[in-house]
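S.K.: pasting the sequence and the predicted coordinates here, then a few questions.
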Amino acid sequence: MGERKLSQTVSILVPCYNEEAVLQEFYERTSAVIDGIAAYDFELIFVNDGSHDRTMEILKELRGKDKRVSYVDLSRNFGKEIAMIAGIDYLKGDAAVIMDADLQDPPEMIPEMISYWEQGYDDISAKRRSREGETFFKKWSSHTFYRILQKLSNIPVQPDVGDFRLLDKQCLNALRMMRESQRYTKGLFSWIGFNKKEILFDRDARAAGETKWNYWKLTNLAIEGITSFTIAPLRMASFVGCMLAFVAILYMAYIIIRTLLFGGSVPGYPSLLSVILFMGGVQLLFLGIIGEYLGRIFNESKFRPLYLVKDYNGEMVVEQRKVRD
Ligand code: UDP
Ligand code: MG
């Protein structure tokens, strides 16, 4: 592990979607923390993910007052995963701390993260000790999801770890190289490797405003996570297919022997129907799973840019710089 040189820049990357209620407070709390760290320069880079409230005006105001503030204004709402890669593409730091705007990730942890970075860790993530203000069901479902993902994929997934983390330049460059459009960033963090360190923290409830997540979105994110990291469901189709075929062969043998010994018999309509329905269901389920992967191939094969930028620090972006290779 190499030593970190001084006078480097640390970027704080904040994706924002309709965060007018918290941005000012976020800025004040975070700048209070970074003002106390003299050894580094800081850049606060906000990505406005197509907000339709006053988020953009507040960001412009902040930049007017404080040149450490930068902003990237996306052309529409692309979702947090894409907003994060946009920020990673545009940030200038030698390391970056990814944080939510809603103060659920306490900025007071930045000094601790930086001290581990100085010790040579490349990816210092904050692991939730408790989840204030979240329902029992949300805690349980997220826990179960991590378990399943961990079982299915070969990559170690970090449970109870979100996007709140400090990433070294090496990690940032690795993430910049991954241009898939359907991003499951939490999995990408695991995939890239490097020296990882987890530190514990208590996740606060959202300071103000509303969460943009609902169970429909979370379910989709879970499917996203599984299908982007493992083809285990496809393999499961083969296994289930083999098993059913095996059972069918046994049953066939039983029918043949019974017919030879006792003669043929016609009844069996209900059992026939239930077997047909069952098989039809299994086939449709796996067709759906194949479709899920096919859809991903379709989306990735279009090679569109991941996002479009309207405005970077007051400059209109006409030529999109960071498009996919
Ligand atoms: N966010 C975003 N684009 C979106 C949804 C959310 O950039 O389409 C940002 C949001 O502004 C916040 C972070 O992602 O900074 C986390 O969102 P939120 O607090 O709603 O999620 P939760 O903490 O409930 O998981
Ligand atoms: Mg939140």
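M.R.: Ah, there it is. Ligands and ions are numbered 1, 2, ... in the order given.
S.K.: near ligand 1, which residues of the stretch 51-200 of the chain?
M.R.: Contact residues (CB under 6 Å from any ligand atom) of the stretch 51-200 of the chain with ligand 1: 77, 79, 80, 83, 100, 101, 102, 104. All C-beta atoms are positioned from the backbone trio N, CA, C, and that covers glycine.
S.K.: now do the same contact list for the first one.
M.R.: Looking back up the chat, that one is residue 77. Listed by CB atoms under 8 Å, 6 or more residues apart in numbering, the contact set of residue 77 reads 17, 49, 50, 51.
S.K.: the longest helix along the chain: how far from the chain's middle?
M.R.: Under DSSP state H, the helix in the chain containing the largest number of residues is helix 269-301. Relative to the chain's own centre, helix 269-301 is displaced by 27 Å; criterion: CA atoms, centre = their mean, to the nearest Å.
S.K.: give me the distance between the helix or strand harbouring residue 202 and the centre of its chain.
M.R.: Element membership for residue 202 (DSSP states H and E) is strand 196-203. Offset of strand 196-203 from its chain centre (CA atoms, centre = their mean): 17 Å.
S.K.: partners of it in the sheet?
M.R.: Partner strands and pairing direction for strand 196-203 (DSSP bridges) are strand 123-131 (parallel).
S.K.: contacting residues around the strand it pairs with?
M.R.: With CB under 8 Å, 6+ apart, strand 123-131 has contacts from 105, 109, 113, 116-117, 138-139, 158, 160-162, 164-168, 171, 189, 192, 194-203.
S.K.: do that again at 7 Å, thanks
M.R.: 105, 109, 113, 116-117, 139, 158, 160-161, 164-167, 171, 189, 194-203 (CB atoms under 7 Å, 6 or more residues apart in numbering).
S.K.: can I get the buried part of these as one PyMOL selection?
M.R.: Selection of buried members from the contacts of strand 123-131 for PyMOL, criterion 16 or more other CB atoms under 10 Å:
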select buried, resi 105+109+113+116+117+158+160+161+164+165+166+167+171+189+195+196+197+198+199+201+203
